[in-house]
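Student: Have a look; sequence and predicted model below, questions after that.
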Amino acid sequence: MSERGALRELRVLMWVVIAVEVPVYLVWLVQVGYQAGQQLPRGDAGRWGPVVLLPPAAVLFCVAAGWVWWGAVVAGTRSPLRERWIVASLAFVAVSSVFCGVASVDDPSFPVGLLSATVTALGMAGLFFIPAAASRQLPDVIRRRSRRTAAGPGEADPGPR
């Protein structure tokens, strides 16, 4: 298989994973947000907070963090995932998602928490990698990284193949 075919297959695989994970995650967020909100007293305006705010916040924060990270990867600069605002926004989405998943059931248990954490991790990963999958620079970055890896530590870049 040619390098071009392998890169095309990687991009297709990324989009298939994104197309499966992201909708499942967003539908799950709406459902558990609604269920968690309904646990609050009847007149409380916060009943609709999780279902209205959490899905857009997850999309915004995860895609924004992915966009900033991908920009640094393309530029070859230090990973911005060490920035506090990025870590804080991703942690907020993760904790909120898992909390709503656990709070949405009548009898919270370890399997419910594990399921919530799994759906959250897969969905957030799908959202995070949208900018990379959509980028025209993906093949160039992969080639550049593979040349750097092939050179080994302390060796010179082998150059174009």
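Tutor: Alright, I've got the coordinates. What you see is a predicted model; the values in this text were computed from it and never measured.
Student: So which bits of the helix ranked longest in the chain are buried?
Tutor: Taking DSSP state H as the criterion, the chain has its longest helix at helix 3-37. Residues of helix 3-37 classed as buried: 11, 14, 18, 21-22, 25-26, 28-30, 32-37 (neighbour count, 16 or more other CB atoms under 10 Å). (C-beta placed from N, C-alpha, C; glycine too.)
Student: isn't S104 right up against Q35?
Tutor: Yes. Look at S104 against Q35 with CB atoms under 8 Å: they come within range, at 3.4 Å.
Student: elements contacting the longest helix of the chain?
Tutor: helix 49-75, helix 84-103, helix 110-128, helix 130-134, helix 138-151 (3 or more CB pairs under 8 Å, 6 or more residues apart in numbering; DSSP states H and E).
Student: pLDDT averaged over the first one - what is it?
Tutor: This means helix 49-75. The pLDDT scores in helix 49-75 average 92.
Student: And it, what does it pack against?
Tutor: Here helix 49-75 touches helix 3-37, helix 84-103, helix 110-128, helix 130-134, going by 3+ CB pairs under 8 Å, 6+ apart.
Student: what's the closest of these to C62?
Tutor: helix 110-128 (3.6 Å; CB to CB).
Student: coming back round to it: looking at the buried residues of helix 3-37, which two lie furthest apart in space?
Tutor: Between all members of these, the farthest pair (by CB to CB) comes out as R11 and G37, at 37.9 Å.
Student: CA-only coordinates of the worst-scoring helix or strand of the chain on mean pLDDT in CSV, if you can.
Tutor: In the chain, the helix or strand scored least confidently by mean pLDDT, DSSP states H and E is helix 138-151, which has a mean of 78. The C-alpha coordinates for helix 138-151 follow below in CSV (Å, rounded to 0.1, in the frame of the first residue of the first chain):
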residue,chain,number,x,y,z
LEU,A,138,-2.3,16.0,8.7
PRO,A,139,-0.3,14.1,6.1
ASP,A,140,2.7,16.5,6.4
VAL,A,141,2.7,16.3,10.2
ILE,A,142,2.6,12.5,10.1
ARG,A,143,5.4,12.4,7.6
ARG,A,144,7.5,14.9,9.6
ARG,A,145,6.9,13.0,12.9
SER,A,146,7.7,9.6,11.3
ARG,A,147,11.0,10.9,9.9
ARG,A,148,11.8,12.3,13.4
THR,A,149,11.0,8.9,15.0
ALA,A,150,12.9,7.0,12.3
ALA,A,151,16.0,9.1,13.0
